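Asker: coordinates only, sequence not included:
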């Protein structure tokens, strides 16, 4: 089987880099939203200090955020309390918590997300 040579233009490389950066920003925004959510629930890591909203977690129970996620998972009855925010965590969350976290996610997004969230709250209640 012959190897194929793929030639990328500078424009192609720029698009790839922009996509990677965008994906990293989305993940950081989501982690910041989770951190704010856990702070609102008064859930901390093992050091019992309020979480720092920095968008960082290492998902292996070394970071305070991963430890706090693990505590939240235990509180809502997840079978795995691994500090990784996944499908089981979402499915076990009470509706009120889901709505609150969705608000934090929208608030952490860009101006368009914030505006949509503001309008949604305005017409909701």
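Answerer: On my side now, so go ahead. In this text, all values refer to a predicted model and were calculated from it rather than measured experimentally. Numbers count the residues shown, from 1 in each chain.

Asker: Is there a neighbour count for residue 39? I'd like the number.
Answerer: Neighbours of residue 39 under the rule other C-beta atoms under 10 Å: 16. To be clear about C-beta, it is placed using only N, CA and C from the backbone, and glycine gets the same treatment.

Asker: could you point out which element follows whichever strand or helix holds it?
Answerer: Using DSSP states H and E, residue 39 sits in helix 10-40. Stepping forward along the backbone from helix 10-40, the first helix or strand reached (DSSP H and E) is helix 64-75.

Asker: Could you give the average pLDDT over that following helix?
Answerer: Averaged across helix 64-75, pLDDT comes to 94.

Asker: so what secondary structure elements neighbour it?
Answerer: Helix 64-75 sits against helix 10-40, helix 87-92, with contacts defined as 3 or more C-beta pairs under 8 Å, 6 or more residues apart in numbering; DSSP states H and E.

Asker: residues making contact with the shortest one?
Answerer: Applying C-beta atoms under 8 Å, 6 or more residues apart in numbering, the contact partners of helix 87-92 are 69, 72, 73, 76, 77, 78, 79, 80, 98.

Asker: if we can go back for a sec, in terms of mean pLDDT, which of the helices and strands packed on helix 64-75 ranks lowest?
Answerer: Here the lowest mean pLDDT among the helices and strands packed on helix 64-75 goes to helix 10-40, at a mean of 72.

Asker: Hmm, residue 67 and residue 82 touching each other?
Answerer: No: with contact defined as C-beta atoms under 8 Å, residue 82 and residue 67 do not form a contacting pair (10.9 Å).

Asker: More neighbours: which of these two?
Answerer: residue 67 (21 against 17).

Asker: how about the nearest residue to the most centrally placed residue in the chain, chain neighbours excluded?
Answerer: Against the mean C-alpha coordinate of the chain, by C-alpha atoms, centre = their mean, the closest residue is residue 30 at 2.4 Å. Using C-beta to C-beta, 6 or more residues apart in numbering and skipping residues adjacent in sequence, the residue nearest residue 30 is residue 105, 6.3 Å away.

Asker: For that neighbour, grab the count of nearby residues.
Answerer: Neighbour count of residue 105, defined by other C-beta under 10 Å: 19.
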